[in-house]
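Enquirer: Just to be clear, the model below is a prediction. Sequence and coordinates:
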Amino acid sequence: MPPDVTTAHAIHMLLAGITKLTWRQIEERMQEVHPGLTGMHLGVLRILSRRDFTLSELGLRMTVTPSTLVPVVDRLQELGLVSRQKDPNDRRRTPLAVTPDALALLASLPLHETHARLVDGLRQLGPTRAQALHSLLLELLGAMDPEGALMKECAVAAEPRESRSQP
């Protein structure tokens, strides 16, 4: 194989490994805090904590089909963590919203806990190398996504949550 293909494959495998370890830690933490919920449930709650989305919009944001999200959202609704709203301007739209219980659950799962292994790894690299890695990954994503659609999604996902007040 040409060196660029070998390097691409190695980077892909390394990123997959980092993702797998991160998801494993998220799943473990979810089982401690709320047995029966998964990382996918947490992802949905974190996204909806920023603002309301329809199932289709949520699927686009998470890069999964809406049909994949139906059982996830149904379970969250059963647990009183998500509610289906009515759009007063469009009866066909059914935005999903987090409940105060979901906000409390999210508060009990701060990012630094669910990403502790990754944070520790970056600390071992040191701030200069960690920032260099971040910059290189941004540059790589930009080269792979010239229209910038995924870059925009990643930037939005990385922003701090808008503060939704708890009653």
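Expert: Alright, I've got the coordinates.
Enquirer: remind me which residues of this structure are low pLDDT?
Expert: Residues of the chain meeting the criterion pLDDT under 70: 1, 156-167.
Enquirer: where along it do the helices fall?
Expert: Counting by DSSP state H, one finds helices in the chain at the ranges 3-33, 39-50, 55-62, 66-78, 100-107, 111-114, 116-125, 127-144, 149-158.
Enquirer: residue closest to the middle of this protein?
Expert: Centrality entry for the chain: nearest residue to the mean C-alpha point is Gly43, 4.5 Å, by Cα atoms, centre = their mean.
Enquirer: Now do the contacts for it.
Expert: By Cβ atoms under 8 Å, 6 or more residues apart in numbering, the contact set of Gly43 is Met62. All C-beta spots, glycine's among them, are computed from the backbone N, C-alpha and C.
Enquirer: make it 10 Å
Expert: If you count contacts by Cβ atoms under 10 Å, 6 or more residues apart in numbering, Gly43 has them with 23, 26, 58, 61-62, 64, 69, 72, 157.
Enquirer: Same question for Leu96.
Expert: By Cβ under 10 Å, 6+ apart, the contact list for Leu96 reads 44, 47-48, 52-55, 57-58, 69, 73, 76-77, 82-85.
Enquirer: that older thread, I'd like to know how far the residue nearest to the centre of the chain sits from Val119.
Expert: When distance is defined by Cβ to Cβ, to the nearest Å, Gly43 is 18 Å away from Val119.
Enquirer: Can you lay out the contacts of Gly43 as CSV showing distance to Arg129?
Expert: Conversion of the contacts of Gly43 to CSV gives the following (distance: Cβ to Cβ, whole Å):
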residue, distance to Arg129
Trp23, 24
Ile26, 24
Leu58, 35
Arg61, 31
Met62, 30
Val64, 33
Leu69, 37
Val72, 36
Ala157, 23
